[in-house]
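for reference, the sequence and a predicted model appear below.
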Amino acid sequence: MSEFIRGDGRKYDELRPIKIEAGVLERADGSAYLEVGGNKILVAVYGPRESYIRRLLEPNTGVIRCRYNMAPFSVDDRKRPGPDRRSSEISKITADALRPALMLENYPRSMVDVFIEVIEAEGGTRCAGITAASVALVDAGIPMKDIVVGCAAGKVDDRVVLDLSEKEDKEGQADVPIAMMPRTGEITLLQSDGDLSEEEFQQALALAVEGCKKVSKIQKDALKRKYATG
């Protein structure tokens with residue numbers, strides 16, 4: 001398997017090139033910019049702050065709300081502006097993936113808003129959005145148990161590979177996106193779509209976990225750079 005070279009020149013267990021910057025927006029409480037492969041994603045975090053939507057507030061804890069949005073120009077076929085079913089689903093699972101890491105009990109009756117803007121899309125945007133959002137949350141100074149990181153593995157040409165490109169995602173046989181807290185190994189998001197045997201699923205899951213650990217180091221380096229120069 002180690003000799004298998006994919007269409008874009010990567011080995012089966014190789015990530016696409018990744019770049020992360022923290023604190024890129026002055027008017028947000030926290031922010032991050034991420035590039036992975038052809039993806040370009042910008043995240044802004046606001047809060048914790050009291051929400052004007054009182055029905056969303058909880059008396060004993062804070063609430064996280066995420067909005068994932070793909071810009072109309074982010075894909076080849078121009079996307080219709082505004083939310084759709086897919087973006088609503090990803091917004092929800094992103095909040096679910098990030099929530100276990102946040103110490104929101106310190107901020108009762110407060111709201112944390114996370115805005116994820118996909119400027120260019122090239123496969124794996126939900127994992128990339130979670131990864132960038134977690135960096136932005138740290139940049140906002142919100143107490144966290146760990147920095148959540150997202151990565152995916154899948155099956156292409158009957159082989160299990162890491163970090164599917166857009167072409168691999170469209171033409172491949174399966175996709176397994178995950179998010180996790182590397183310090184404890186707790187998985188906060190696990191989805192599986194496509195045709196995988198039990199053995200292949202376990203291979204994909206193990207590969208995605210290793211990918212998360214690699215991306216986690218890049219997250220921490222981005223934050224170190226920000227605080228070293230900020």
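Yep, that arrived.

can you pull out the low-pLDDT segments for the protein?
Where the chain drops to pLDDT under 70, the residues are 1-2, 76-83, 229-230.

name the residues that touch stretch 4-14?
By CB atoms under 8 Å, 6 or more residues apart in numbering, the residues outside stretch 4-14 that reach it are 1-2, 16, 156, 159-163, 165, 167-168, 207, 210-211. C-beta coordinates here come from the backbone N, C-alpha and C atoms, glycine included.

endpoint to endpoint, that stretch covers what distance?
For stretch 4-14, the first-to-last residue distance is 11 Å (CA to CA, to the nearest Å).

from the chain's centroid, how far away is it?
Relative to its parent chain, stretch 4-14 has a centroid offset of 22 Å by CA atoms, centre = their mean, to the nearest Å.

stretch 135-154 too?
8 Å.

so how many other residues sit close to the closest residue to K226 other than its chain neighbours?
Closest residue in space to K226, ignoring its immediate chain neighbours: A22 at 4.0 Å, by CB to CB, 6 or more residues apart in numbering. When neighbours are defined as other CB atoms under 10 Å, A22 has 24 of them.

bridging residues for A22?
On the basis of DSSP bridges, A22 is bridged to A32.

contacting residues for it?
Contact analysis of A22 by CB under 8 Å, 6+ apart lists 31-32, 135-136, 138-139, 222-223, 225-226.

now do E35
17-20, 41.

ok, L207 next?
Neighbours of L207 in contact, by CB under 8 Å, 6+ apart: 12-13, 153, 160-162.

what count of nearby residues applies to the closest residue to M181 other than its chain neighbours?
Nearest residue to M181 in three dimensions, chain neighbours excluded: D146, at 3.8 Å (CB to CB, 6+ apart). Neighbours of D146 under the rule other CB under 10 Å: 17.

so D146 versus V215, what's the distance?
13 Å (CB to CB, to the nearest Å).

what's the answer for V36, then?
Relative to V215, V36 is positioned 8 Å away (CB to CB).
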